[in-house]
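*Asks:* quick one, fold the following:
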Amino acid sequence: MSPDSPLHNFEPDDDERREIFEKLNSRRARGGRGTWVPPRFVIGVAVAFVVLGVGGAILQHFLGTPGQSLETEGAPLTLPTVGSTPSTLPANYEATIGLHLISNTAAPSFTLKTPEGAPWSLAAHEHRLVVLTFFNSACDDICPVEVKEISDVNHLLGSRASRVSFVVVNTDPHLLAPSPHIPALSGDLAQQPNVTFLTGSLPALNSVWTNYGVKVAVGHLLHQVVHNNLMYFISSSGALLGDAIPYANESANGNYSLDTGATNTFAQALATYLGTLGV
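*Replies:* Numbers count the residues shown, from 1 in each chain. Okay, here's the model as predicted:
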């Protein structure tokens, strides 16, 4: 997405955002399959996307600009480093995962639901390191690549994997309901107890997206969703330690993949970084 595109200049205010939420939830309750678009957006800008989540609290903290837009096509998130504690990760591994260090910052709290519908809160899981990432429950975005990488990391960590929780937040506003049958958790991740997928109401998810700098854009077609890719590392005391940037190649038909060598290298770099954090 180009910085000069109309979408880049469209920013719904709080009232419009609430109206978007209400319309979407109302349509879902009636069994509707379309996506409501605010009139000002349709009249003023002839583009195919409605922005539901934009980076807010974390970007405001670092950049001082509320609602700063992010690219949705994998462009690196550039934030100034806070604090002076250097990473002990080799430079080539830092580059592989796009590691950016953060310190002296509390991770924004949130409560969402597990696939079984039980509440899951970040505050209640401060006894272990959390790796927080974002992809769709239908696993039709970068999910297949991240699933493989998370599985590889757990294999590399062995018994140490029990010291870290991989927490995935849903990025698909069309599929909000908790369900024990989530494509994103099938296959490689199905039997890995340290992986949790979370969803919730649209306002609850949007709050997490906003606080963690994730922009979700929804198109006119059913389940046409794009978002930027971020991964955060949260300490056992609730501090935001840093972020990384998962990546993948997107085909012409919208499928995401990455060659085995690249996924193995990313997993090795990630496992090594987790080792420096005490895992």
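*Asks:* so where do the strands sit in the stretch 151-279 of the chain?
*Replies:* Secondary structure of the stretch 151-279 of the chain (DSSP state E, counting those that start in this stretch): strands located at 164-170, 195-198, 216-219, 225-227, 231-234, 240-244, 249-250, 256-257.
*Asks:* which other residues reach the second one?
*Replies:* Strand 195-198 is contacted from outside by 112-115, 120, 137, 150, 154, 165-170, 182, 184-185, 189, using Cβ atoms under 8 Å, 6 or more residues apart in numbering. Yep, even glycine has a C-beta here, placed from its N, CA and C like the rest.
*Asks:* circling back to that earlier point, what's the closest of the strands of the stretch 151-279 of the chain to residue 92?
*Replies:* Residue 92 sits nearest to strand 240-244 of all these, at 14.1 Å, using Cβ to Cβ.
*Asks:* burial count for the residue lying closest to residue 106 once chain neighbours are set aside?
*Replies:* Once flanking residues are discounted, residue 106 sits nearest to residue 238: 5.9 Å by Cβ to Cβ, 6 or more residues apart in numbering. For residue 238, the number of neighbouring residues by other Cβ atoms under 10 Å comes to 15.
*Asks:* so who does residue 238 touch?
*Replies:* Applying Cβ under 8 Å, 6+ apart as the definition, the contact partners of residue 238 turn out to be 106, 107, 109, 122, 123, 126.
*Asks:* sort out which of those are buried, if you could.
*Replies:* Neighbour counting over the contacts of residue 238 (16 or more other Cβ atoms under 10 Å) leaves 107, 122, 126 as the buried ones.
*Asks:* list the contacts for the first one?
*Replies:* In other words, residue 107. Taking Cβ under 8 Å, 6+ apart, we find residue 107 in contact with 122, 130, 132, 232, 234, 238, 239, 240.
*Asks:* if we use 10 Å, what do you get?
*Replies:* If you count contacts by Cβ atoms under 10 Å, 6 or more residues apart in numbering, residue 107 has them with 58, 122-123, 126, 130, 132, 211-212, 232-235, 237-241.
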